[in-house]
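K.L.:
structure of the sequence below:
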Amino acid sequence: MLMAHPAVLRTLVDQYETLRLLHAEDSSEKVRRRMDDVTYTLCVTTGTRDIDSALVAARHQLAGARADDDSLLTV
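P.N.:
Numbers count the residues shown, from 1 in each chain. Just a heads-up that it's a prediction; the model follows:
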């Protein structure tokens, strides 16, 4: 299975958490749609079917990631 680069995964998790807070304060259509998009992307990226499983999988993958590994980001 392909695995997302830790930087990409961290960005998705951060976006989801921010959008979840925004949705609690402002349940606008725009925020909800963006949250749906990030949720879908997290699920696809982690190979899961629901956001709870996706977050657990992402955090598990991030826990084992090397913070200074940028090998896939450099050309």
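
K.L.:
next up, identify which helix or strand residue 2 is on.
P.N.:
Under the criterion DSSP states H and E, no helix or strand holds residue 2.

K.L.:
and the helices in the chain?
P.N.:
6-25, 29-46, 51-63 (DSSP state H).

K.L.:
okay, the ones you listed in a markdown table with mean pLDDT and mean neighbour count next?
P.N.:
Any C-beta I mention is one placed from the backbone N, CA and C, and that applies to glycine too. Output for the helices of the chain, formatted as a markdown table (pLDDT from 0 to 100; neighbours: other CB atoms under 10 Å):
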| stretch | mean pLDDT | mean neighbour count |
| --- | --- | --- |
| helix 6-25 | 92 | 15 |
| helix 29-46 | 94 | 16 |
| helix 51-63 | 93 | 16 |
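
K.L.:
which residues sit against stretch 45-56?
P.N.:
With contacts defined as CB atoms under 8 Å, 6 or more residues apart in numbering, stretch 45-56 is touched by 1, 4, 8-9, 12-13, 16, 39, 42-43, 57-58, 61.

K.L.:
how far out from the middle of the chain is it?
P.N.:
The chain centre lies 9 Å from the centre of stretch 45-56; the measure is CA atoms, centre = their mean, to the nearest Å.
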